[in-house]
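> only the shape, not the letters, is given here:
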DNA sequence: GCCGTTTTCGGCCCGACTGTTTTCAGTCG
């Protein structure tokens, strides 16, 4: 874990503690904001003065320096000194906020989750001032959810669910769109947000809560309903608005929260007020039908949802320096597809036909090398046979170039799984770590990059969204070396990887790294995962020129061609 | 605690829904 993250975690804990104690909301927010910007900061915190970062002032900067020097922050130790360990953890329980927790602690002596369970069982909460039967019931429900460990689901699954959820609502809606973190293509999704509009607003709400996928109605009002669905217990929030508010509501509901807060702050400075109903001058609505209209009142162009994270996009928009983000139509081919020669399902012809159908100009067949035995890695003879088959399929199918690639293992001593003479015969090589995750990975990757036939490093951090931590690696060092050597880093689009992720992409781009977006498809229906990789690349501010597989094959700036 | 093209003091995004309330606090997003 980097220093940035360590300090961010402490700031978040300070915020929890202060909130619990009933300190000023603005102070609490200041700590939360500092934690967020620190966590996402793309530079080296030790090489600048922290207060240069927006959201970090004198006080925070002092605490950061204190931590870098001594490894601790006194303020943190002070604020938690009189709070029992494990108490603040209870703030993660839905429907249980700081005020209620403070009440339970003071009046009933609740110090941990066991205590909380006990006072619920004994029915003690309902008798407290401001509490009642229903509040107690809601806390009980929240505790069950918390126990179930309701975690975030992968973007790919959320995209599938949202299509199912929207289907039956389309006929009663005039417009309907996913919003929230799903529209921003975040790698994992907490709950699904949907915005809709129609002549009769309550029709949509009523249709929605009656769907067979609704397991439990959490809340239902005139303009908003929340339900728990039978899809993995996923929560779906539906909000309906008048047509004139569509753009303002879509903006508001898409977030991120930090992006909205900044926009609203800027509006306020100019005597305007932005809400989900529109932009207001006094009581007069001056915009709101489209997102473009809302941004325009602030004098800035429309900002793509994927970068609405308050990571400098609003400032860039004001200066007219928004990136022109990469799009699906820019992708000329997929360079990371496995065939049945290793651990893929489909034969080469099937893959090529599918790739052609996607409109690609080329497709890179990219199997595992010999050491990856479990994944059916190819020895030199099998590789030769595979390449001959590629030649014969190429004879048969025109209009798409089939490339001979390999995902070559980086071995535990940093050497590569094939000799140079084998790799030289290939169109391109992706080098990858598949074993020894804790063994000198940084050095091994650098050593692999010293080989002139290595064009790309696959899934550079090795993390899996489903929980695997990834390599023990200094990723900044790898980025710098990749930039120096002209080796591209992969944005692996496989639903469980999305590696590099958004923040690392921004960092790598700043170092001058080039990228590929590869699906790592093991069957042809996974070629569509390119959508996930594109979303991630866009979240990383990438433009067409940053990504190798947007170039035509004859002028793709591969390392081996640059000499 | 942060911040400043009205401000170094006095602001700090805005609203829906729920449950407890005779006018509002808490939680959530």
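Sure thing, it's come through. Being a predicted model, the structure only gives us computed values, none of them experimental.
> residue A:549 should be in a helix, yeah?
Yes - when DSSP: H, G, I helix; E, B strand; the rest coil is applied, residue A:549 is found to be in a helix.
> thought it was touching residue A:326?
No - counting by C-beta atoms under 8 Å, residue A:549 stays clear of residue A:326, with 10.1 Å between them. C-beta: built from backbone N, CA, C; applies to glycine.
> what average pLDDT does stretch A:143-156 get?
The average pLDDT within stretch A:143-156 is 82.
> meant to ask about stretch A:555-563
pLDDT averaged over stretch A:555-563 gives 84.
> what about whichever residue of the stretch 451-563 of chain A sits closest to DNA strand B, how many residues nearby?
Proximity of the stretch 451-563 of chain A to DNA strand B (C-beta to the nearest atom of the strand) peaks at residue A:539, 18.6 Å away. Number of residues near residue A:539 (other C-beta atoms under 10 Å) recorded here: 26.
> what's the closest non-adjacent residue to it?
In space, not counting the residues next to it along the chain, residue A:539 is nearest to residue A:502; the distance is 3.7 Å by C-beta to C-beta, 6 or more residues apart in numbering.
> related to what we said a few turns ago, quick one: residues contacting the residue of the stretch 451-563 of chain A closest to DNA strand B.
By C-beta atoms under 8 Å, 6 or more residues apart in numbering, residue A:539 lies in contact with A:184-186, A:306-307, A:309, A:502, A:505.
> need the contact list for the residue nearest to residue A:539.
Listed by C-beta under 8 Å, 6+ apart, the contact set of residue A:502 reads A:187, A:536, A:539-540.
> can you tell me which of those residues are in helices?
Using DSSP state H, the members of those that fall in helices are A:536, A:539.
> and the contacts of residue A:539, which is closest to residue A:553?
residue A:505 (23.7 Å; C-beta to C-beta).
> what count of nearby residues applies to residue A:60?
Counted by other C-beta under 10 Å, the residues lying close to residue A:60 total 22.
> ok, now how distant is it from DNA strand B?
In this view, residue A:60 and DNA strand B are 3 Å apart by C-beta to the nearest atom of the strand, to the nearest Å.
> and that residue, how far from residue A:38?
As judged by C-beta to C-beta, to the nearest Å, residue A:60 and residue A:38 stand 9 Å apart.
> find residues that contact each of the two.
Counting by C-beta under 8 Å, 6+ apart, the residues touching both residue A:60 and residue A:38 are residue A:11.
> could you say what helices and strands the strand or helix carrying residue A:12 packs with?
Residue A:12 is part of helix A:3-21 when elements are defined by DSSP states H and E. When contacts are defined as 3 or more C-beta pairs under 8 Å, 6 or more residues apart in numbering; DSSP states H and E, helix A:3-21 sits against helix A:25-40, helix A:58-70, helix A:74-80, helix A:98-108.
> let me have those helices in JSON lines, extended by mean pLDDT.
As requested, these are exported to JSON lines (pLDDT from 0 to 100):
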{"stretch": "helix A:25-40", "mean pLDDT": "91"}
{"stretch": "helix A:58-70", "mean pLDDT": "92"}
{"stretch": "helix A:74-80", "mean pLDDT": "93"}
{"stretch": "helix A:98-108", "mean pLDDT": "93"}
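> need the contacts of residue A:502 in a markdown table (columns: distance to residue A:490).
Putting those into a markdown table (distance: C-beta to C-beta, whole Å) gives the following:
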| residue | distance to residue A:490 |
| --- | --- |
| A:187 | 15 |
| A:536 | 11 |
| A:539 | 16 |
| A:540 | 13 |
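> separation between the residue sitting furthest away from the middle of chain A and residue A:119?
Centroid-distance maximum for chain A: residue A:127 at 42.9 Å, with C-alpha atoms, centre = their mean. Distance of residue A:127 to residue A:119, given as C-beta to C-beta: 10 Å.
> residue A:17 and residue A:80 touch, don't they?
Yes - using C-beta under 8 Å, residue A:17 makes contact with residue A:80 at a distance of 5.3 Å.
> Three-state assignment for residue A:216, please.
Going by three-state DSSP: residue A:216 is strand.
> list the contacts of the nearest residue in space to it that is not next to it in sequence.
The spatial neighbour of residue A:216 that comes closest, neighbours along the chain excluded (C-beta to C-beta, 6+ apart), is residue A:228 at 4.2 Å. Residue A:228 sits next to A:214-216, A:218, A:234-235 when contact means C-beta under 8 Å, 6+ apart.
> keep only these that also lie close to DNA strand B.
Filtering the contacts of residue A:228 for neighbours of DNA strand B using C-beta under 7 Å from any atom of the strand leaves residue A:235.
> quick check on the contacts of residue A:228: which are buried?
A:214, A:218, A:234-235 (16 or more other C-beta atoms under 10 Å).
> residue A:323 and residue A:290: what is the separation?
According to C-beta to C-beta, residue A:323 stands 22 Å off from residue A:290.
> in stretch A:526-535, which residues are buried?
For stretch A:526-535, by 16+ other C-beta under 10 Å, it's A:526-527, A:529-535.
> make CSV out of these and add distance to DNA strand B, pLDDT and secondary structure.
Listed next are those as CSV, based on distance: C-beta to the nearest atom of the strand, whole Å; pLDDT from 0 to 100; DSSP: H, G, I helix; E, B strand; the rest coil:
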residue, distance to DNA strand B, pLDDT, secondary structure
A:526, 31, 95, helix
A:527, 33, 97, helix
A:529, 27, 96, helix
A:530, 28, 97, helix
A:531, 23, 96, helix
A:532, 22, 97, helix
A:533, 26, 98, helix
A:534, 24, 98, helix
A:535, 19, 97, helix
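> which one of those is nearest residue A:373?
Of all the buried residues of stretch A:526-535, residue A:373 sits closest to residue A:526, with 22.5 Å by C-beta to C-beta.
> in the stretch 151-300 of chain A, what residue lies closest to DNA strand B?
Closest to DNA strand B within the stretch 151-300 of chain A is residue A:221: 2.2 Å, counting by C-beta to the nearest atom of the strand.
> and that residue, what does it touch?
residue A:205.
> please apply the same query to the one 5 residues further on.
If a contact means C-beta under 8 Å, 6+ apart, then residue A:226 has A:217-220, A:235-238 as its contacts.
> also residue A:138?
residue A:95.
> how near is it to DNA strand B?
Per C-beta to the nearest atom of the strand, residue A:138 is found 6 Å from DNA strand B.
> so that residue is in which element?
Going by DSSP H and E, residue A:138 is in helix A:133-147.
> contacts for whatever helix or strand comes next after that helix?
Sequence order places strand A:153-154 as the next helix or strand after helix A:133-147, per DSSP H and E. Outside strand A:153-154, the residues that touch it by C-beta under 8 Å, 6+ apart are A:187-189, A:232, A:234, A:465-466, A:495-496.
> ditto for stretch A:283-300
Stretch A:283-300 has contacts (C-beta under 8 Å, 6+ apart) with A:243-251, A:263, A:266-267, A:270, A:272, A:274, A:277-280, A:301-303, A:314, A:317-318.
> distance of residue A:20 from DNA strand B?
Distance, residue A:20 to DNA strand B, by C-beta to the nearest atom of the strand: 10 Å.
> quick one, what contacts the nearest residue to that residue once chain neighbours are set aside?
Closest residue to residue A:20 apart from its sequence neighbours, by C-beta to C-beta, 6+ apart: residue A:98 at 5.0 Å. Residue A:98 makes contacts with A:16, A:19-20, A:22, A:91, as judged by C-beta under 8 Å, 6+ apart.
> by contact count, what packs against the host helix or strand of residue A:204?
Under the criterion of DSSP H and E, residue A:204 resides in helix A:201-209. Using 3+ C-beta pairs under 8 Å, 6+ apart, the elements in contact with helix A:201-209 are strand A:214-220, strand A:224-229, strand A:235-240.
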